[in-house]
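Asks: Got a predicted structure here, sequence first:
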Amino acid sequence: MTRREYRQSCSIAGALDRIGERWSLLVVRELLLGPLRFSDLARSMGGPPTDVLTKRLRDLEHDGIVRRRELDPPATGVAYELTDLGRELDSLLLELGRWGLNFYAAEDVADLEASWLPNSFRVLLQPPTDAVMTVQLRSEGRAFGIRVAGGRISAERGEIYNPDLVVSGSPRGIVAALVVGGEHVERVEMEGDTALFEALREMVVLPARLREDARTVSARTA
């Protein structure tokens, strides 16, 4: 399986030679939340063919974007993680996700998986520089930590220590509460400083068309 390349003297083409193949950026999307074993990575990505994912990881390793490391005890085995070079794709991927909202339909949130929830928060929220908070998300047996500080929002898998707010519910329910509000907020469980959820809602930035569609779909399914 040969990698297709543009072979142009252009930095954009050169970047796409490294990350433009199908599934490559989804590898980056998942590893931005922390290291994963091969099987967990494949599951979080939505099930790419094993041979294709193996090839993508090999290419990303070759280009210094991804590396393998031994898991710390008591865990065993090998996990994949982003290098410093790979983590430089963070802001690019967020902006790409925000641009992609122009092609997103409100009904698509019905297919949102729990593993995609933290990156959905990162795409939807654009916090002011003075906002500081930590949020624990729990959905369908999964846990994610959200940290807001310095105008940025980061996320990681697992439980975080002493969060300011804990939000639990289905992926669809949590996103509906965040974007639409109203009675959807009452359908998710919250612990801690619940006023912070309204602060999060004020950070949501959406194309006007998508925000209106979300309200319409919400009214129809309420």
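Replies: It's in.
Asks: what does the helix or strand harbouring L93 contact?
Replies: Applying DSSP states H and E as the criterion places L93 in helix 90-100. Helix 90-100 is contacted by residues L25, V28, R29, L32, N119, R122, V123, V205 when judged by C-beta atoms under 8 Å, 6 or more residues apart in numbering. For the C-beta atoms, the positions are set from N, CA and C on the backbone; glycine is no exception.
Asks: again, only this time at 7 Å
Replies: Helix 90-100 is contacted from outside by L25, V28, R29, L32, R122, V123, using C-beta atoms under 7 Å, 6 or more residues apart in numbering.
Asks: can you tell me which of those are in helices?
Replies: L25, V28, R29, R122, V123 (DSSP state H).
Asks: Look up how far T76 lies from the third one.
Replies: Going back to what we said before, that points to R29. In this view, R29 and T76 are 26 Å apart by C-beta to C-beta, to the nearest Å.
Asks: need the strands for this structure, in chain order.
Replies: Ranges of strands within the chain are 66-70, 78-82, 133-139, 142-149, 152-157, 165-168, 189-192, based on DSSP state E.
Asks: Mean pLDDT for the ones you listed - can I get that in a markdown table?
Replies: Listed next are the strands of the chain as a markdown table, based on pLDDT from 0 to 100:
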| stretch | mean pLDDT |
| --- | --- |
| strand 66-70 | 94 |
| strand 78-82 | 95 |
| strand 133-139 | 97 |
| strand 142-149 | 97 |
| strand 152-157 | 95 |
| strand 165-168 | 97 |
| strand 189-192 | 96 |
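Asks: Mind putting those strands into CSV with mean neighbour count and distance to R215?
Replies: Formatted as CSV, the strands of the chain follow (neighbours: other C-beta atoms under 10 Å; distance: least, C-beta to C-beta, whole Å):
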stretch, mean neighbour count, distance to R215
strand 66-70, 14, 40
strand 78-82, 17, 37
strand 133-139, 21, 23
strand 142-149, 19, 24
strand 152-157, 18, 24
strand 165-168, 21, 21
strand 189-192, 14, 22
